[in-house]
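Trainee: Predicted coordinates and the sequence they were generated for:
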Amino acid sequence: MKLSCKEVSFLISESLDRSLSLRERLGVRIHLLMCRACQQMARQTRLLRDAARRHGSSDEDSPSSGDQALSEEARARILANLQQTTRDNTDHE
Amino acid sequence: MRTDPRTTTVTEVDPARWLEEYGDALFRYALSRLHDTSHAEDMVQETLIAALQSRNRYSGLASERTWLTGILKHKIIDFIRKQVRELTVDDINALSDAATENELDRLFDARGYWIRPPGDWGNPDKVLHNHQFLDTFEICMENLKPALAHIFVLKELSGLTNEEICNTLNITATNCGVMLYRARMGLRRCLDARWCQDDNRKP
């Protein structure tokens, strides 16, 4: 089975979500042996998962944390709505 | 756990303090998944209101932050489900039809070979600790079509399986696979263009 780069790129994405069939695995492996461009693509595609997790991590030491915060306006609005909810709850109790 | 049961009891609830202590962390968590400031703010508010209403169920075993983040996580999945379910069948088909997709066609020639081969992003371990790379990743997430960004987040950040994504969004397994592929290729292409432009930034 001779695969094009386009087909290999789809199967690399699929391989992150399911186990490929033996036939698919072989096709990808043979293609990657001969194609540097697709080797890069496979590395990049796999890196996206780690980048997403790193970026979405709520760790304090995450490089992307710290520079984003709730605006004063949003904070005030949320607080007002919370207090309203607290009052409503108290009324019901 | 950091929470000391003697000092934090179930009845001791102060939403204003939650907002003060965890508001920014919750906001960042939501923003990194929704890439929209006002949606992220809404999620923080909904989370704190839900926490207030379900405070009796908080056991005090997990830290408050973990508890609130758990609520937020579900709020985000719920939000994404509503957003994607607003799309019509035609929208979904257009998003998951790889064959007619122009942006993919521009990556490959008629025989399916690269028009512009992917570049070298540098050492993966170093790249992942480079905040400029992660900032670029953020920009590329914002550039992605919202539905594709949403499905990518459900998969890679919310930890849903493809099957759960299909059920949550009410789409077929094939649609799901193609949409994830398009999300990944879109992100990859965007990062490739922006990151490889300036070789000096590569670690």
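Mentor: Sure thing, it's come through.
Trainee: Please make it C-alpha for all contacts and neighbour counts, starting now.
Mentor: Noted.
Trainee: tell me the centre residue of chain A?
Mentor: By Cα atoms, centre = their mean, chain A has its centre lying nearest to residue A:52, at 3.8 Å.
Trainee: Contacts only, for it.
Mentor: B:137, B:153, B:156-157 (Cα atoms under 8 Å, 6 or more residues apart in numbering or on different chains).
Trainee: Over to residue B:118?
Mentor: A:37-38, A:40-41, B:189, B:192.
Trainee: on that earlier part again, what comes up buried for the helix or strand hosting the residue nearest to the centre of chain A?
Mentor: Using DSSP states H and E, residue A:52 sits in helix A:36-56. By 16 or more other Cα atoms under 10 Å in any protein chain shown, the buried positions in helix A:36-56 come out as A:37-42, A:44-56.
Trainee: try stretch B:109-117
Mentor: B:112-114, B:117.
Trainee: Which one of the residues you listed is nearest to residue B:29?
Mentor: Ranked by distance to residue B:29 (Cα to Cα), the buried residues of stretch B:109-117 are led by residue B:117 at 34.1 Å.
Trainee: For that closest one, grab phi and psi.
Mentor: Residue B:117 adopts backbone torsions of phi -60, psi 140, taken as degrees, to the nearest 10.
Trainee: Same question for residue B:88.
Mentor: With angles defined as degrees, to the nearest 10, residue B:88 sits at phi -80, psi 170.
Trainee: quick one on the thing from earlier: adding distance to residue A:81, write the buried residues of stretch B:109-117 out as JSON lines.
Mentor: Formatted as JSON lines, these follow (distance: Cα to Cα, whole Å):
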{"residue": "B:112", "distance to residue A:81": "54"}
{"residue": "B:113", "distance to residue A:81": "55"}
{"residue": "B:114", "distance to residue A:81": "53"}
{"residue": "B:117", "distance to residue A:81": "52"}
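Trainee: near chain B, which residues of chain A show up?
Mentor: Residues of chain A lying close to chain B (Cα under 8 Å from any Cα of the partner chain) are A:4-7, A:10, A:13-14, A:17, A:37-38, A:40-41, A:44-45, A:47-58, A:63-65, A:68-70, A:74-75, A:78-79, A:81-82, A:85-86.
Trainee: before we move on, the earlier item: I'd like the mean pLDDT over the helix holding residue A:52, please.
Mentor: Regarding helix A:36-56, the rounded mean pLDDT is 93.
Trainee: can you give me the helices for the chain?
Mentor: No chain in the question, so chain A it is. A:5-15, A:22-34, A:36-56, A:72-92 (DSSP state H).
Trainee: that's the wrong chain, I meant chain B
Mentor: Going by DSSP H, chain B shows helices at B:15-34, B:37-53, B:64-85, B:89-95, B:102-105, B:124-128, B:131-143, B:146-156, B:162-169, B:173-195.
Trainee: in the longest one, what counts as buried?
Mentor: If I follow you right, that is helix B:173-195. B:175-192, B:195.
Trainee: Quick one: list the elements packing against the lowest-mean-pLDDT helix or strand in chain A.
Mentor: One helix or strand of chain A scores below all others by mean pLDDT, DSSP states H and E: helix A:72-92, with a mean of 85. Packing contacts for helix A:72-92, counted by 3 or more Cα pairs under 8 Å, 6 or more residues apart in numbering or on different chains; DSSP states H and E, involve helix B:15-34, helix B:37-53.
Trainee: And the ones you listed: which comes nearest residue B:92?
Mentor: Here helix B:15-34 is closest among these (Cα to Cα), at 19.1 Å.
Trainee: Give me the angle between that closest one and helix A:36-56.
Mentor: 170 degrees (axes from the mean of the first three to the mean of the last three Cα atoms, to 10 degrees).
Trainee: Any residue of helix B:15-34 touching chain A?
Mentor: Yes - Helix B:15-34 is in contact with chain A by Cα under 8 Å from any Cα, via B:15-16, B:19, B:23-25, B:27-29, B:32-33.
Trainee: Can I get the residues you listed in CSV including neighbour count?
Mentor: What follows is the residues of helix B:15-34 next to chain A, written out as CSV (neighbours: other Cα atoms under 10 Å in any protein chain shown):
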residue, neighbour count
B:15, 18
B:16, 16
B:19, 21
B:23, 23
B:24, 21
B:25, 22
B:27, 23
B:28, 26
B:29, 24
B:32, 25
B:33, 26
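Trainee: min pLDDT across these, which one?
Mentor: Lowest pLDDT of these: residue B:15, 84.
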